[in-house]
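1. with the sequence up front, the predicted model follows.
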Amino acid sequence: MSLVCTERLAIALAALLPCLAWGQGSTYRFGHTEHHFGTVKEEGGDLRHRFVVYNTGTLPLKLLAANASCGCTSPDYSKAPIAPQDSGYVDVVYHPAGRPGPFKKDVTVQTDGQPSATRLLISGQVTPKPLSPEDQYPDTLGGGLRIISRYLNLGDVSPLGGKAEASFEVVNMGSQTVGLALAEPTGPWMKVKLPGPLPPMGRGTLSIRYNGKARKDWGYVTDPIRLKTTGLSPERRSEAFVTVNLQTPAQALTPEQAAQAPRLTLDRTELDFGRCFTAQVYTRKFVLRNTGAKPLALYAAKPGCRCLRIEFTSQKIAPGGTAELYVHFDANGYLGPTAKAISLFTADPANPVVSLSVKGDFTPAPGKKAAAVE
């Protein structure tokens, strides 16, 4: 081989060696792989920490990627190759806003060196930011008056004579003295007491007394309270809504009490109308039996849809007797698989509320089109 060829081969090998070496990777270490931020404030802004990586080998080291375990953490890293005996970095940012409480997150760093991946860990405790008055009272009643919610839940109330009382704080965050008055009367089953005129930042209570028997209904009901402000011109109008679950509570019975009580059994808890045509009314029935020792009252059956009409053959079943609950399903406009619910309220002390369901698969009658119910 000539001298010129030898020199050319040496030059080519010299150019190729860095590429071969690069593929073999380098060794490295992090100064530390865990960082604890301690206790920080939610409103204090993003938390930042830099992890330093040292190239301990004889070849360049490249950081290929840094992937966080969740969107609450944002990593960044050195993009240029890190020379032997030099250092690079991985910056990790944690976003505490909206995330009170303890946290422990990791970032996986991938490299072309050995090892190929390293997991970095950050942790800490975020104290929640103080709630502003707007946070504490997010709903408005007009004129600067605010309340925790305009939906006032009184919970379960028995329609057989149960009563409920509750109070809800109202705060005036406006710049003028404002009061509340009823814009319309409420139902006779509900008495509402409103706070007097409230000065700026003044507080009062909206109180409700509810009579379950006077409501004459069963299941979940909602009653509006229509309000207007006083002391302002023009007055402001608003609404609050009282929600109540009207049902008798289940009772834990001793064996002796259970033996003397009425008891409801059903032939089924689901009616399947099967494949039916829309724009027609279909009727099926549940058979109800009293297997207890005392007469069983059937208080109500409340459908979850206007498409259902309910009929009892009797609302009182003697011991050992039966009654039938007919369900009329008006399928007008329904297309495809459809399911609806019915709540059955009875005097069975161990099981006073029974959930029933009806379903069917509805198609247009031959030669007809039907629009789906929204």
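-> Thanks, I have it.

2. contacts and neighbour counts: CA atoms only from here.
-> OK.

3. so what sits opposite Tyr54 in the bridge?
-> Beta-bridge pairing of Tyr54 under DSSP bridges involves Arg29, Ser87.

4. Cys305: neighbouring residues, count only.
-> 11 (other Cα atoms under 10 Å).

5. so what's it closest to, chain neighbours aside?
-> Lys340 (6.9 Å; Cα to Cα, 6 or more residues apart in numbering).

6. who does that neighbour form a beta bridge with?
-> Beta-bridge partners, per DSSP bridges, of Lys340: Val358.

7. who's in contact with it?
-> For Lys340, the contact set (Cα atoms under 8 Å, 6 or more residues apart in numbering) comprises Pro303, Gly304, Cys305, Ser357, Val358, Lys359.

8. ok, it to Asp361 distance?
-> 12 Å (Cα to Cα, to the nearest Å).

9. again, but for Pro128
-> 51 Å.

10. ok, Asp86 next?
-> Asp86 is 71 Å from Asp361, by Cα to Cα.

11. hey, where'd the helices end up in the stretch 51-200 of the chain?
-> 133-136 (DSSP state H, counting those that start in this stretch).

12. coming back round to it: Asp86 and Asp361 - which one has more neighbours?
-> For Asp86 versus Asp361, the count of surrounding residues by other Cα under 10 Å is larger for Asp361: 18 against 15.

13. just to check, that one is in contact with Thr338?
-> Yes - at 6.1 Å, Asp361 counts as touching Thr338 under the criterion of Cα atoms under 8 Å.

14. okay, now the unreliable bits of the stretch 1-150 of the chain?
-> 1-24 (pLDDT under 70).

15. would you map the strands across it?
-> With DSSP state E, counting those that start in this stretch, the ranges of strands along the stretch 1-150 of the chain come out as 28-30, 34-41, 47-55, 63-68, 73-77, 87-94, 101-111, 117-127, 139-142, 145-147.

16. take those and write them to CSV, including mean neighbour count.
-> Shown next, in CSV, are those (neighbours: other Cα atoms under 10 Å):
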stretch, mean neighbour count
strand 28-30, 18
strand 34-41, 14
strand 47-55, 17
strand 63-68, 19
strand 73-77, 18
strand 87-94, 19
strand 101-111, 17
strand 117-127, 18
strand 139-142, 20
strand 145-147, 23
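
17. spell out which residues make up each domain of the protein.
-> Following automatic domain parsing, the chain resolves into domains at 22-127, 133-246, 255-363.

18. thinking again about what came up before, now distance to Arg268 too, for the strands of the stretch 1-150 of the chain, in JSON lines please.
-> JSON lines is the format used below for the strands of the stretch 1-150 of the chain (distance: least, Cα to Cα, whole Å):
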{"stretch": "strand 28-30", "distance to Arg268": "67"}
{"stretch": "strand 34-41", "distance to Arg268": "57"}
{"stretch": "strand 47-55", "distance to Arg268": "59"}
{"stretch": "strand 63-68", "distance to Arg268": "52"}
{"stretch": "strand 73-77", "distance to Arg268": "53"}
{"stretch": "strand 87-94", "distance to Arg268": "55"}
{"stretch": "strand 101-111", "distance to Arg268": "48"}
{"stretch": "strand 117-127", "distance to Arg268": "53"}
{"stretch": "strand 139-142", "distance to Arg268": "44"}
{"stretch": "strand 145-147", "distance to Arg268": "45"}
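
19. list the contacts for Pro100?
-> Here Pro100 is in contact with Glu42, Gln125, Val126, Thr127, Pro128 (Cα under 8 Å, 6+ apart).

20. same thing with Ala181?
-> Leu194, Leu227, Lys228, Thr229, Thr230.

21. report the buried residues of stretch 153-160.
-> By neighbour count on 16 or more other Cα atoms under 10 Å, the buried set for stretch 153-160 is Leu154, Asp156, Val157, Ser158, Pro159, Leu160.

22. who's in contact with it?
-> So stretch 153-160 is contacted by 163-166, 212-218, 242-249 (Cα under 8 Å, 6+ apart).

23. okay, now Ala250: neighbour count?
-> Around Ala250 there are 13 residues (other Cα under 10 Å).

24. any idea how far it lies from Pro352?
-> From Ala250 to Pro352 the distance is 6 Å (Cα to Cα).

25. could the contacts of Pro100 go into a markdown table alongside distance to Ser149?
-> A markdown table is the format used below for those (distance: Cα to Cα, whole Å):
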| residue | distance to Ser149 |
| --- | --- |
| Glu42 | 25 |
| Gln125 | 30 |
| Val126 | 27 |
| Thr127 | 25 |
| Pro128 | 21 |
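
26. among these, which one lies nearest to Val170?
-> Ranked by distance to Val170 (Cα to Cα), the contacts of Pro100 are led by Pro128 at 23.9 Å.

27. what is the neighbour count of the closest one?
-> So Pro128, with other Cα under 10 Å, has 16 neighbours.

28. please look at it and Glu42 and confirm they touch.
-> Yes - under the criterion of Cα under 8 Å, Pro128 makes contact with Glu42 at 5.4 Å.

29. give me the common contacts of those two.
-> Arg99, Pro100.

30. restricted to strands, list the contacts of Ala181.
-> Leu227, Lys228, Thr229, Thr230 (DSSP state E).

31. can you pull the buried residues of stretch 324-343?
-> Going by neighbour count (16+ other Cα under 10 Å), the buried part of stretch 324-343 is 324-335, 340-343.

32. what of stretch 289-302?
-> Neighbour count says stretch 289-302 has 289-292, 294-302 buried, by 16+ other Cα under 10 Å.
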